[in-house]
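Novice: I would like to see how this sequence folds:
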Amino acid sequence: MTGNHSELPSAADRRTTDEDGHDCVDPLGVAIVTISSSRGTATEADPTDPGGDAVANTLVDAGHVVTSRRTVPDDYVRIKTTVSECLDRSDVDLVVTTGGTGVTVDDVSPDAVSELFDRKLPGFGEAFRRLSWEEVGTRVVATRATAGIAREVPVFVLPGSVNAAELATAEIIAEEAPHLAGLATRHRVE
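Specialist: Model (predicted):
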């Protein structure tokens, strides 16, 4: 099992600014939701979850704390409900889902999760597809990876492959999520 389940400092102690003076929350409390019918219907982390492990390892290596791991099947209502439950947790500043972003009939993650978005972050999908081009070429058009802000929390919806999860998390999420969380909650301290 990967991930750091230690206690988070208080929200006030984690609010900071980066070298450019931008609002940040660091470290982040992270919820990881794996979406896969082939991995069963467990409510806790699946011990054979390489995509979720890639996200957890990358974010823990960046100094963040995994506060929740869940596995749900490719079911619209279960996905939306599980992500919503993560957003309700006081120890969650970031939600990352893996799986269900393709074009098959049961790939409903982007549809279920985007209903929760207050604001979409279209630049994430664009950046992810640009970075993925090197590895998968034109097959990049088949991913519906997306992101948004839901209830003041950045949420990223990733493909389930290990390479895709590592790429998105290392190159985009670990870098931008603390700033996004800071901006999304800045009004609380102003």
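Novice: The most centrally placed residue in the chain and Thr34, how far apart?
Specialist: By C-alpha atoms, centre = their mean, the chain has its centre lying nearest to Val96, at 1.5 Å. Between Val96 and Thr34 the distance is 10 Å, computed by C-beta to C-beta, to the nearest Å. No exception for glycine: its C-beta is placed from N, CA and C like everyone else's.
Novice: re the thing from before, so the residue nearest to the centre of the chain: helix, strand or coil?
Specialist: Secondary structure, DSSP: H, G, I helix; E, B strand; the rest coil: Val96 is strand.
Novice: Low-confidence bits of the protein, can you list those?
Specialist: For the chain, applying pLDDT under 70 flags the ranges 1-6, 39-47, 190.
Novice: where along it do the strands fall?
Specialist: Assigned strands in the chain, in chain order: 15-17, 23-25, 29-35, 65-72, 94-98, 119-120, 146-150, 153-158 (criterion: DSSP state E).
Novice: Export these as a markdown table, with columns for distance to Ser84.
Specialist: Compiled in a markdown table, these are given as follows (distance: least, C-beta to C-beta, whole Å):
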| stretch | distance to Ser84 |
| --- | --- |
| strand 15-17 | 24 |
| strand 23-25 | 20 |
| strand 29-35 | 11 |
| strand 65-72 | 12 |
| strand 94-98 | 10 |
| strand 119-120 | 17 |
| strand 146-150 | 8 |
| strand 153-158 | 10 |
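Novice: Can you report how many residues lie near the closest residue to Ile172 other than its chain neighbours?
Specialist: Nearest residue to Ile172, sequence neighbours excluded (C-beta to C-beta, 6 or more residues apart in numbering): Ala127, at 5.7 Å. Ala127 has 17 neighbours, counted by other C-beta atoms under 10 Å.
Novice: Relative to Thr185, how far out is Thr98?
Specialist: For Thr98, the distance to Thr185 equals 24 Å [C-beta to C-beta].
Novice: Next: His64.
Specialist: His64 sits 16 Å away from Thr185, going by C-beta to C-beta.
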